[in-house]
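In: The following block contains a protein sequence and its predicted model.
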Amino acid sequence: MEAFMEAKCTSLKQMSICEASLSTLQINKDLFLNFFKAQAEKFYIWFSMCEEADWNRTIELRDELFDEHFELTDSEVIKQEKKRVAVCYGDISWYYTLRAG
């Protein structure tokens, strides 16, 4: 993930990170925001956390990464063609879009 951000990659349409460890969410939120904004208008990133990831720590890291610049939304956003993020832990999923402004 950080390699894509450091390379200033801007051509992605989708990114899926499966069996993600907690360290996947331990990235600089401003660097992630810039990376996310630089992608295509319909860019979608999906984090599927590994089963061994601690639930409480996953929630903490998710909130640290997304709460300031993103807003939690319902699953209907997945049907829309706009930039979005999904974080999945087992059968539970959270969907985010950029905050307006």
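Out: Nice, I can see it.

In: What average pLDDT does the top helix by length along the chain get?
Out: Longest helix in the chain, counting residues (DSSP state H): helix 55-66. The pLDDT scores in helix 55-66 average 97.

In: What strands flank the next helix or strand after that helix, and is each parallel or antiparallel?
Out: Going down the chain from helix 55-66, the next helix or strand is strand 70-73, by DSSP states H and E. Note on strand 70-73: by DSSP bridges, its sheet partners are strand 92-98 (antiparallel).

In: spatially speaking, which residue is in the middle of the chain?
Out: residue 85 (4.2 Å; Cα atoms, centre = their mean).

In: Let me see the contact set for that residue.
Out: 36, 44, 45, 46, 47, 66, 70, 95, 96, 97 (Cβ atoms under 8 Å, 6 or more residues apart in numbering). Placement of C-beta: from N, CA and C, glycine included.

In: what's the closest of these to residue 76?
Out: If you rank the contacts of residue 85 by distance to residue 76 using Cβ to Cβ, residue 95 comes first, at 8.5 Å.

In: what about the closest one, how many neighbours?
Out: For residue 95, the count of nearby residues is 19 (other Cβ atoms under 10 Å).

In: Verify the contact between it and residue 70 for me.
Out: No: between residue 95 and residue 70 there is no contact under Cβ atoms under 8 Å: 9.6 Å.

In: hmm, back to that, what are the buried residues along the longest helix of the chain?
Out: 58, 61, 62, 65, 66 (16 or more other Cβ atoms under 10 Å).

In: got it, and stretch 91-101?
Out: 94, 95, 96, 98.

In: Does residue 96 touch residue 67 like I think?
Out: No: assessed by Cβ under 8 Å, residue 96 is found out of contact with residue 67, at 9.4 Å.

In: Helices of the protein, start to end?
Out: Using DSSP H, helices in the chain cover 2-6, 29-38, 55-66.
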